[in-house]
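Undergrad: quick check, what structure comes out for this input:
(one chain, ligands or ions: 2)
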Amino acid sequence: MSRTLMAIDETLLVSPRTMGKIDQAAAESGIDSFGLMQKAGAHVAAVLLSHFPEVQRAVILCGPGNNGGDGHVAGGLLAASGVEAVRFGMEPKPGGDAARARQAYPGKLLPLEDWQPRDGDVIVDALFGAGLDRPVAASIAALIERAQHAGTPVIAVDLPSGLSGRTGEPTGACFAASHTVTFAALKPGHLLMPGRTLCGQMHLCDIGIPARLIRSDDAMWKNDPGLYASKRPLTDAGQHKYGRGHLVVFSGPLSATGAARLSATAGLNSGAGLVTIANPPGATLALASHLTAIMQHPVRDEAELETWLSDKRLSAFVLGPGFGDLEKARSYTARVAATGRPVVLDADGLTAFASETDLLAKLFAGEARLVLTPHEGEFRRLCGDLADDPSLSKIDRARGAASRFNAVMVYKGADTVIAAPDGRAAVNADAPAWLATAGSGDVLAGIIGSLLSQGMPAFEAACAGVALHGEAAIRAGRGMNAEDLAGHIEPL
Ligand SMILES: NC(=O)C1=CN([C@@H]2O[C@H](COP(=O)(O)OP(=O)(O)OC[C@H]3O[C@@H](n4cnc5c(N)ncnc54)[C@H](O)[C@@H]3O)[C@@H](O)[C@H]2O)[C@H](O)CC1
Ligand SMILES: [K+]
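TA: Ligands and ions are numbered 1, 2, ... in the order given. Prediction:
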């Protein structure tokens, strides 16, 4: 993302509603709101000039609100710098900053329908931003269609018109921008999919709202080391291997031991002092032929598990990858939950509770120490009501599930959302597309389990785990498989 001033917090996510409150607080503190609009418009003009030096005609689409006001300012500045600027749209409501911006740059405002694409056009989409509250009209949908058909590049002001800044979902027809210029703070819709794609390259610009006012109770961030660096496991040269955590990964039967090995390898490479695979009857030889640094412990039934769990050095558990037996997954989870130690449930560990959600909600009381790592389908099986509520953003859904299960949710996807029962949420936006490969989730579960075993609190371990996973994928490169991925992990 490009930026103008380092003073801006690039990781804070602010809902459009909270942004409105920040604007209000800025106005109440005596800051000239028209001055903010002038700076906003100037940033838009600058992005157009620097990224489209060959522009023949700037097509400024102006809406009735302040988003349109930013467009009028940008148009005036582009015209003053010698670019042909043509405005299409609606007259602003009288009396506000947008009307003032319109007066400051008088001249024609043509009906939207009149725009006919020409070679060399660049659209400045200043129709709707934070104030979008319903799907765009059919006439605007037709114009979006025309722009897309002509391949006209679009610079969106604040948000591509039609995109919800709260959810990242289009409310109907929506521009797909090549650049989006936003102000003061990122909104969730800039990072949540498909919003992230529809925004194109992001430009977060400082328009002079003081940092002390850009605060929010929304407790949402872009996933970033600032969220977890202070909780990273201690690395003391004299530390004993048990002091660096002992992760247990439960293996599936003989036919399905690979997933547990991926998790265990990832766990070891993420810094756990010891990793042991708990193997069911019959899987020992298969596992032994593939493992060196990772240990094995036979666990045939609940009684054997119970005896083993009395070893207090076993500090975290991953259950689910390739596990298979759903009934056993539930009973084993209940046993490890009773130890009070942290647990990652993934894959079959999640499916096992799809029909027993009430049981899962009861198992992990107290400080959050359960991490659930569902992809979309697993999330839907666990929380169908949340998944099917179109009013909820992915952040809302993750938070709802976190509170229901008293768990840290790692709701996976191109826009993985990490949410804690206390409401904190982070959106990961840095993972490369090739991370979506078989076994990738097993690796992630192992990384998070490892960080838990080393004493990181659950939310921080999940945020850090998601970041380490993405970084490993970037190092492993396009065309990697999950084994390469596990091999490219660098501990925190
Ligand atoms: N600090 C900042 O971030 C600043 C942001 N600025 C810009 O202001 C807009 C937000 O302005 P606002 O007037 O609140 O909202 P909009 O311009 O997005 O639109 C409001 C206007 O449009 C009507 N409306 C909403 N949806 C539709 C629709 N689908 N069809 C028709 N009409 C619709 C709504 O009822 C209102 O009348 C922000 O995005 C920034 O670009 C400031 O310039 C500087 C400070
Ligand atoms: K816009």
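Undergrad: please look at Ala147 and Pro117 and confirm they touch.
TA: Yes: at 6.9 Å, Ala147 counts as touching Pro117 under the criterion of CB atoms under 8 Å. Any C-beta I mention is one placed from the backbone N, CA and C, and that applies to glycine too.
Undergrad: among those two, which residue is more densely surrounded?
TA: Legend: neighbour count by other CB atoms under 10 Å for Ala147 and Pro117, higher for Ala147 (21 against 15).
Undergrad: what's the per-residue pLDDT of the more buried one here?
TA: For Ala147, the pLDDT comes out at 98.
Undergrad: what's the answer for the one 5 residues further on, then?
TA: Among the per-residue scores, Thr152 shows a pLDDT of 98.
Undergrad: if I look at it, how far off is Met90?
TA: 20 Å (CB to CB, to the nearest Å).
Undergrad: bridged to the residue most central in space within the chain, which residues?
TA: With distances taken as CA atoms, centre = their mean, Val427 lies nearest the centre of the chain, 2.3 Å away. Beta-bridge partners recorded for Val427 (DSSP bridges): Lys222, Val417.
Undergrad: wait, what's in contact with it?
TA: 13, 188, 191-192, 220-223, 394-395, 415-417 (CB atoms under 8 Å, 6 or more residues apart in numbering).
Undergrad: hmm, 7 Å instead?
TA: 13, 188, 191-192, 222-223, 395, 415, 417 (CB atoms under 7 Å, 6 or more residues apart in numbering).
Undergrad: in TSV, list these along with distance to ligand 2.
TA: Formatted as TSV, the contacts of Val427 follow (distance: CB to the ion, whole Å):
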residue	distance to ligand 2
Leu13	18
Pro188	16
Leu191	17
Leu192	17
Lys222	21
Asn223	26
Ile395	22
Asp415	21
Val417	24
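Undergrad: identify, from the residues you listed, the entry nearest to Leu268.
TA: Distance to Leu268 across the contacts of Val427 (CB to CB) is lowest for Asn223, with 23.6 Å.
Undergrad: any idea how far the closest one is from Arg478?
TA: 22 Å.
Undergrad: closest one of the contacts of Val427 to Cys463?
TA: Closest to Cys463, out of all of the contacts of Val427 and judged by CB to CB, is Asn223, at 5.4 Å.
Undergrad: and that closest one, what does it touch?
TA: 418, 426-428, 463, 466-467.
Undergrad: okay, now Pro210: neighbour count?
TA: 12.
Undergrad: now swap in the one 4 residues further on and tell me
TA: By the criterion of other CB under 10 Å, Ile214 has 20 neighbours.
Undergrad: check Gly165 too.
TA: 27.
Undergrad: contacting residues for it?
TA: 16, 130, 159, 187-189.
Undergrad: per-residue confidence for the residue lying closest to Arg261 once chain neighbours are set aside?
TA: With sequence-adjacent residues excluded and distances taken as CB to CB, 6 or more residues apart in numbering, Arg261 is closest to His290, at 5.9 Å. Looking at His290, its pLDDT is 86.
Undergrad: would you agree His290 is in contact with Ala260?
TA: No: His290 is beyond contact range of Ala260, at 10.3 Å (criterion: CB atoms under 7 Å).
Undergrad: contacting residues around stretch 58-68?
TA: Contacts for stretch 58-68 (CB under 7 Å, 6+ apart): 37, 48, 71-72, 74-75, 78, 83-90, 92-93, 97-98, 109, 112, 115, 121-129, 131, 157-158.
Undergrad: avg pLDDT for the helix or strand encompassing Leu204?
TA: Assigned by DSSP states H and E, Leu204 falls within strand 201-205. Average pLDDT, strand 201-205: 98.
Undergrad: that strand and ligand 1, are they touching?
TA: No: shown here: strand 201-205 not in contact with ligand 1 (CB under 6 Å from any ligand atom), separated by at least 9.4 Å.
Undergrad: tell me the residues on the stretch 151-300 of the chain that lie near ligand 2, please.
TA: By the rule CB under 5 Å from the ion, the part of the stretch 151-300 of the chain lying against ligand 2 is 156-157, 161.
Undergrad: and those residues near ligand 1, which?
TA: Val157.
Undergrad: may I ask which of the residues of the stretch 151-300 of the chain next to ligand 2 has the most neighbours?
TA: Val157 leads these on contacts (other CB under 10 Å) with 34 neighbours.
Undergrad: that one: what's it in contact with?
TA: 44, 67, 70-71, 124-126, 129, 181.
Undergrad: please repeat the previous calculation with a cut-off of 8 Å.
TA: Here Val157 is in contact with 40, 44, 67, 70-71, 74, 124-126, 129, 180-181 (criterion: CB under 8 Å, 6+ apart).
Undergrad: follow-up on the earlier one: out of the contacts of stretch 58-68, which are inside helices?
TA: Judged by DSSP state H, helices contain the following of these: 37, 48, 71-72, 74-75, 78, 97-98.
Undergrad: hmm, which two among those are most spread apart?
TA: That would be Leu48 and Asp97, which, of the ones in helices among the contacts of stretch 58-68, are the farthest apart (CB to CB) at 21.0 Å.
Undergrad: more crowded one of these two?
TA: Leu48 (26 against 22).
Undergrad: hang on, the earlier thing: and the residue nearest to Arg261, what element?
TA: Using DSSP H and E, no helix or strand contains His290.
Undergrad: likewise for Ala25?
TA: Residue-wise, Ala25 maps onto helix 16-28 under DSSP H and E.
Undergrad: find the nearest non-adjacent residue to the residue of the chain positioned farthest from its centre, please.
TA: Distance from the centre of the chain peaks at Gly107, with 42.6 Å (CA atoms, centre = their mean). Distances taken as CB to CB, 6+ apart place Arg87 nearest to Gly107, at 7.3 Å, with adjacent residues excluded.
Undergrad: what residues are up against the one you found?
TA: Per CB under 8 Å, 6+ apart, neighbours of Arg87: 60-62, 71-72, 75, 107-110.
Undergrad: go with 7 Å
TA: 60, 62, 75, 108-110.
Undergrad: quick check, Ile277 in a strand?
TA: Yes: the assignment for Ile277 (DSSP: H, G, I helix; E, B strand; the rest coil) places it in a strand.
Undergrad: now do the helices in the stretch 351-492 of the chain.
TA: Ranges of helices in the stretch 351-492 of the chain, per DSSP state H, counting those that start in this stretch, are 357-363, 376-382, 384-387, 394-405, 440-453, 458-476, 482-487.
Undergrad: tell me which of the residues of the stretch 151-300 of the chain next to ligand 2 is nearest to Ala303?
TA: Out of those, the member with the shortest distance to Ala303 (by CB to CB) is Ala156, at 61.3 Å.
Undergrad: if I look at the closest one, what pLDDT would I see?
TA: Value for Ala156, per-residue pLDDT: 99.
Undergrad: what about the closest residue to it other than its chain neighbours, how many neighbours?
TA: Setting aside the residues directly before and after it, Ala156 is nearest to Ala177 in space (CB to CB, 6+ apart), at 3.8 Å. Close neighbours of Ala177, defined as other CB under 10 Å, add up to 24.
Undergrad: for ligand 1, what are the nearby residues on this structure?
TA: 19, 23, 36-37, 40, 63-70, 128-137, 157-158, 183-184, 209.
Undergrad: how near is the closest residue to Ala7 other than its chain neighbours to ligand 2?
TA: Distances taken as CB to CB, 6+ apart put Ala211 closest to Ala7, at 5.9 Å, once the chain neighbours are dropped. In this view, Ala211 and ligand 2 are 25 Å apart by CB to the ion, to the nearest Å.
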